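# Structure here, sequence nowhere to be found:
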Ligand code: CO
């Protein structure tokens, strides 16, 4: 594989609470735990899964206290994990076709069986620390040891085939808000809330839709939930067709259609506006907040969903992938059907895996962190960016032959400035044949410390920083 190909290679080794050598200095005030999730193992019998998103879930943990950091990594022990170890795919994955025949198709009735390979995000459900993926199978684990506790069962009647791995925790209402999509005739989007400590999801709103879209994340303000429905949709009947297509291959793009914003009032439980604009695709929302009678919604946009095709492992291996080059974009949306959608780019620097300070969620924010790719040459995630959406300027961190993961901003306790804190990211150093934890100063974006890991970590997706030291 080319340089970044190491980031799509299997790691079998698991480490527990290893003290890392630190080059530079990690601030003493940094106390807590960064837990990250992503694929770590791609083999399948004699071959391998076809798509990056289908690698086996592996948790990565960095515990910070008194200027030191310890590291652990551990695969989730799921049904999928056990099946893969025996050379079977396990239940249906994102893009790797289930190796099943007609009977299995009949058994699954409308959609493929869902996977428990929860390899996308980390969250909290009903007092459990959990790993999530894009179906309603949530896997609990012990944050201290990373050992798998098992699947969490929700105590409610809500059903869906797809559940966004990205959920929002609202720390004023003490609830988590997410989206379930159920395929049928018609299909439904169900927005739910999950009160802290509870396993009973409650319906906020249920919306019928003839061709449901692939929706990876949602927007949340104090009053509203915003679904961004790109014209990348599925006729659920296509899941019944014979053939061995993976889940996402059933979706089709119609670039002549609009992207629709579905704005749902959280209290009234219904859509209050559905403004539309020219087609675009997005995985990730950045933040949303209310301003006067409008909603300000920042996200990372693409002209179409070709990025998904670019992340098949064989295309990555051939070096065809041309970077995570989304555009940081601001939409201003009306909250009734009389207003217009406005759009403006916020940064000239392409990015993906966008994050903000947790202190400005659902409020106006100034800084957005992300990673991005210079398309020329070995183009995959070769810089970190801090975009200032007020001035339009940006700071970049980059180094030769390194590839960058999602940056997580951790505020300094009692900080008043939005960017007073540190940025944590896991970097693959192909020349040094290892990955390292990178600590940047949040304000200057200058390196404070790096801590080399005992191995090369495959690229991951998303993480969260928690105040507890586990
Ligand atoms: Co994501």
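Okay, I see it. Computed from a predicted model, the values in this text were never measured in an experiment. Numbering: from 1, shown residues only.
# ranges for the strands of the stretch 251-400 of the chain?
Assigned by DSSP state E, counting those that start in this stretch, the stretch 251-400 of the chain shows strands spanning 252-253, 258-265, 270-273, 276-278, 281-291, 294-302, 327-334, 342-345, 352-355, 367-372, 383-388, 394-397.
# And the contacts of the first one?
Outside strand 252-253, the residues that touch it by Cβ atoms under 8 Å, 6 or more residues apart in numbering are 231, 232, 233, 234, 281, 304, 305. To be clear about C-beta, it is placed using only N, CA and C from the backbone, and glycine gets the same treatment.
# How confident was the prediction at residue 377?
Per-residue confidence (pLDDT) for residue 377: 58.
# returning to that earlier point: from the contacts of strand 252-253, which two are the most distant?
Using Cβ to Cβ, the contacts of strand 252-253 reach their maximum pairwise distance at 234 and 304, which is 15.9 Å.
# out of the two, which sits in the busier spot?
When neighbours are counted by other Cβ atoms under 10 Å, residue 234 and residue 304 differ, and residue 234 comes out ahead with 22 against 16.
# Please determine how far that one is located from residue 215.
11 Å (Cβ to Cβ, to the nearest Å).
# what's near enough to touch the closest residue to residue 220 other than its chain neighbours?
In this structure, residue 220 finds its nearest non-sequential neighbour in residue 168, 4.1 Å apart by Cβ to Cβ, 6 or more residues apart in numbering. Applying Cβ under 8 Å, 6+ apart to residue 168 gives the contacts 176, 177, 178, 218, 220, 361.
# Can you show me the helices along this protein?
Applying DSSP state H to the chain gives helices spanning 79-85, 102-108, 306-310, 313-317.
# Can you check the contacts of residue 168 and name whichever has the most neighbours?
The member of those that has the most neighbours, counting by other Cβ under 10 Å, is residue 178 with 27 neighbours.
# For it, give its distance to residue 211.
Counting by Cβ to Cβ - residue 178 and residue 211 are separated by 21 Å.
# for the protein, what are the low-confidence residue spans?
1-2, 91-113, 240-245, 322-323, 375-379 (pLDDT under 70).
# circling back: can I get the strands of the stretch 251-400 of the chain in CSV including mean neighbour count and distance to residue 312?
What follows is those, written out as CSV (neighbours: other Cβ atoms under 10 Å; distance: least, Cβ to Cβ, whole Å):
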stretch, mean neighbour count, distance to residue 312
strand 252-253, 15, 16
strand 258-265, 20, 24
strand 270-273, 16, 35
strand 276-278, 14, 27
strand 281-291, 21, 16
strand 294-302, 21, 17
strand 327-334, 20, 23
strand 342-345, 12, 29
strand 352-355, 23, 17
strand 367-372, 26, 20
strand 383-388, 23, 24
strand 394-397, 18, 29
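# and residue 465, which of these is closest to it?
Per Cβ to Cβ, nearest to residue 465 of the strands of the stretch 251-400 of the chain: strand 352-355, 10.1 Å.
# List the neighbouring strands of that closest one plus their orientation.
strand 367-372 (antiparallel) (DSSP bridges).
# tell me the angle of the partner strand relative to strand 327-334?
In terms of direction (axes from the mean of the first three to the mean of the last three Cα atoms, to 10 degrees), strand 367-372 departs from strand 327-334 by 140 degrees.
# all numbers from here: first residue = 4
Yep, numbering from 4; the last one is strand 370-375 now.
# Now do strand 370-375 and strand 284-294, the angle between them.
Using the same axes, to 10 degrees: strand 370-375 against strand 284-294 is 180 degrees.
# So what's the gap between strand 370-375 and the chain middle?
The chain centroid and the centroid of strand 370-375 are separated by 14 Å under Cα atoms, centre = their mean, to the nearest Å.
# Check stretch 398-416 too.
Per Cα atoms, centre = their mean, the centroid offset for stretch 398-416 relative to its chain is 17 Å.
# same question, stretch 156-170
Taking Cα atoms, centre = their mean, one finds the center of stretch 156-170 at 17 Å from the center of the full chain.
# can you map out the strands along the stretch 54-203 of the chain?
60-68, 71-78, 124-128, 131-135, 141-144, 151-155, 165-166, 171-173, 178-185, 190-198.
# Reformat those strands as TSV; add distance to residue 253.
Shown next, in TSV, are those (distance: least, Cβ to Cβ, whole Å):
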stretch	distance to residue 253
strand 60-68	23
strand 71-78	28
strand 124-128	23
strand 131-135	22
strand 141-144	23
strand 151-155	25
strand 165-166	12
strand 171-173	27
strand 178-185	13
strand 190-198	13
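# Figure out which of those is closest to residue 332.
Counting by Cβ to Cβ, residue 332 lies closest to strand 171-173 out of the strands of the stretch 54-203 of the chain; the figure is 19.5 Å.
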